[in-house]
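Peer 1: Fold the following and give me the result.
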Amino acid sequence: MTYPSNVRTAPPSAPGRAPTRSSPAAGPSPEEPPARAAAWTETTERLRAAAGTEPGRLRIIGAALALLVVAFGAVTAWEVSDRYAAAHDVVNSSQQLSADAAGIYSSLADADTAAASAFLSGAPEPVKLREDYAEYIRTASELLIKAATHTDSSGASGTAIKSLNEGLPVYTGLIEQARAYNRQGLPLGAAYLRYANERMTEDLLPQAKKLYDAETGRLAADNDRARQWPYASTVLAVAVLGFLFWTQRRNYRRTNRVFNLGLVCATAASLVLLVWLGVGQSLARGDLNSAQTQGQASLKELNDARIESLKARANENLTMVSLGAVIEKDDRTGEDEDKYEKDYQTAMGELGRALARADKLADGGSVGRQVDAARAAYGQWQGRHQEARASDAAGDYRAAVAKVIGDEGSTGQSFNRVKQALDDSLGDKQEDFERFAEDGKSWLDGLAIGAGVLALVAAAGAVLGIGRRLSEYR
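Peer 2: Coordinates of the predicted model:
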């Protein structure tokens, strides 16, 4: 067969080989989106299309409701657990540590007062005063060990405890030296006693005060945290109830059905949790506020008053022991004055002010009567002290000593009445604090677990309620 010369023909293909044609380079063109982007776009379009239908919108509403309710329960459980832990610390930890710190300070001051009183009584020292001194030192040592096991060694409390543990043996050694010289009738004993008192007032008691302030601050911080309102939970509760109301109203407008059992159950569970949260936290705050105002505030003033009474008594005894050997110039007048008498007057002034503050905080019951008794004994103490100072100034040292440590009409009797009244009032106020704090903690019992359970019930109700509506489209 012949072909026209002007017609071009392709050369024959090789045997077993298909004809080829030109094609673009392999791989997608720059205009073609990557496969992953295409899948994401397709998924987005599909979700947008589903959201345009009533079943799709119901699924979104159901998922959002369930997530919001679960978040409400989780946040409530977390906040309530935090408040409960703080209230538990107030009752079982920080409050006890604060009381122990106050006990350490009081025991040290008691020991110093007993040592000065025993020295002033002459040699041999009265057995009762020696036993009291030993008991106060033992109590302070035991409380220091107890406090050390519950505090951070690197914090302010740990540093104070370390200083007290190092300084207490030094103090007791000085007291023993003073006693040894006193038994021999040597005046060097009085010098050792004065030096021991300096170590107590300048080293030990300031460190004990730091420990007390640190533990009282921790107690106040725990109490404040326990009383803090759970704002996040409250906001979520309002959001959940508002969303549930909107969902049920939407359901009613589309179906003309008043109630959806699942959504009603979710609303009821959420409302119960909100009411439980509000009532429980409010009652807990009320009792913890009472523990602070009617317990801890009064305890602080009473502890301050007791400490100042001990300081005044120790300085009063040292005034007689030193026989005017420690003289200082008055900053205002420039006249010479007895250091211990000056310190006595300063402590008595602080004692009077602390008693006045404690009287304002007293409830008018037994504590009020005890504070009144302390204030009466305080006034009597001041009058008897002036009599003792007058006898000493007149050169009648024996009469002055009898008016300070004697069995009848002495300042020691007045001091003991002040101390006893303060001890009784401290015991009553301690009981008030513990009762209010325990009641405050009890209002939060079980609330964290209840929040989790009710949140799950509400979430299940929301899912079942929405599922009921979705079943109508199948």
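Peer 1: Test my guess that residue 195 contacts residue 174.
Peer 2: Yes - between residue 195 and residue 174 there is a contact under C-beta atoms under 8 Å: 5.8 Å. The C-beta positions use only the backbone N, C-alpha and C, and glycine is treated the same way.
Peer 1: And these two? Which one has more around it.
Peer 2: residue 174 (20 against 15; other C-beta atoms under 10 Å).
Peer 1: Nearest spatial neighbour of the more buried one, chain-adjacent residues omitted?
Peer 2: Residue nearest to residue 174 in three dimensions, not counting chain neighbours: residue 196, with 3.7 Å by C-beta to C-beta, 6 or more residues apart in numbering.
Peer 1: Surely the one you found touches residue 178?
Peer 2: Yes - the criterion here is C-beta under 8 Å, and residue 196 meets it with residue 178 at 6.2 Å.
Peer 1: so what sits against both of those two?
Peer 2: Residues within reach of residue 196 and of residue 178 at once, by C-beta atoms under 8 Å, 6 or more residues apart in numbering, are residue 115.
Peer 1: Give the next helix or strand downstream of the helix or strand where residue 218 lies.
Peer 2: Assigned by DSSP states H and E, residue 218 belongs to helix 205-227. The helix or strand immediately downstream of helix 205-227 is helix 231-255, counting by DSSP H and E.
Peer 1: Next, the buried residues of stretch 408-419.
Peer 2: 410, 411, 412, 413, 414, 415, 417, 418, 419 (16 or more other C-beta atoms under 10 Å).
Peer 1: Show me which helix or strand of this structure is least confident by mean pLDDT.
Peer 2: For the chain, using mean pLDDT, DSSP states H and E, the weakest element among its helices and strands is strand 327-329, scoring a mean of 61.
Peer 1: picking that back up, so which elements touch the helix holding residue 218?
Peer 2: helix 54-89, helix 95-120, helix 156-183, helix 261-290, helix 297-322 (3 or more C-beta pairs under 8 Å, 6 or more residues apart in numbering; DSSP states H and E).
Peer 1: closest to residue 253 out of the ones you listed?
Peer 2: Closest approach to residue 253 among the helices and strands packed on helix 205-227 is made by helix 54-89 (12.4 Å; C-beta to C-beta).
Peer 1: same question for that closest one, mean pLDDT?
Peer 2: Average pLDDT, helix 54-89: 88.
Peer 1: Pull out the buried residues from that helix.
Peer 2: 56, 58-59, 61-62, 65-66, 68-73, 75-77, 79-80, 83-89.
Peer 1: Any stretches of the protein with poor pLDDT?
Peer 2: 1-40, 42-52, 123, 256-258, 323-336, 472-474 (pLDDT under 70).
Peer 1: residue closest to the middle of it?
Peer 2: residue 222 (2.1 Å; C-alpha atoms, centre = their mean).
Peer 1: Please look at that residue and residue 84 and confirm they touch.
Peer 2: No - counting by C-beta under 8 Å, residue 222 does not reach residue 84; the two are 11.6 Å apart.
Peer 1: I'd assumed residue 412 was in contact with residue 117.
Peer 2: Yes - using C-beta under 8 Å as the test, residue 117 is close enough to residue 412 to be in contact (7.3 Å).
Peer 1: Which neighbours do these two have in common?
Peer 2: In contact with both residue 117 and residue 412: 313, 405, using C-beta under 8 Å, 6+ apart.
Peer 1: which residues sit against stretch 459-474?
Peer 2: 54-55, 58-59, 61-62, 65-66, 69-70, 73, 244, 251, 255, 260-267, 269.
Peer 1: Sorry, slip of the keys, the one I care about is stretch 126-134.
Peer 2: Under C-beta under 8 Å, 6+ apart, the answer for stretch 126-134 is 110, 111, 114, 115, 117, 118, 121, 175.
Peer 1: what's the offset of it from the middle of its chain?
Peer 2: 37 Å (C-alpha atoms, centre = their mean, to the nearest Å).
Peer 1: Mind listing what's buried along that stretch?
Peer 2: Buried-residue list, stretch 126-134, by 16+ other C-beta under 10 Å: 129, 132, 133.
Peer 1: One more: stretch 348-363?
Peer 2: 348, 350, 351, 352, 354, 355, 357, 358, 359, 361, 362.
Peer 1: would you list those in CSV and tack on distance to residue 103 and secondary structure?
Peer 2: Below are the buried residues of stretch 348-363 laid out as CSV (distance: C-beta to C-beta, whole Å; DSSP: H, G, I helix; E, B strand; the rest coil):
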residue, distance to residue 103, secondary structure
348, 23, helix
350, 20, helix
351, 19, helix
352, 24, helix
354, 18, helix
355, 20, helix
357, 21, helix
358, 18, helix
359, 23, helix
361, 21, helix
362, 22, coil
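Peer 1: the helices in the stretch 351-474 of the chain, which residues?
Peer 2: Assigned by DSSP state H, counting those that start in this stretch, the helices in the stretch 351-474 of the chain fall at 366-393, 397-405, 411-442, 447-470.
Peer 1: Tell me which of the ones you listed sits nearest to residue 183.
Peer 2: Closest among the helices of the stretch 351-474 of the chain, using C-beta to C-beta: helix 397-405, at 18.3 Å.
Peer 1: doesn't residue 125 fall inside a helix?
Peer 2: No - judged by DSSP: H, G, I helix; E, B strand; the rest coil, residue 125 forms no part of a helix; its state is coil.
Peer 1: Give the burial count for it, as a bare number.
Peer 2: Residue 125 has 19 nearby residues by other C-beta under 10 Å.
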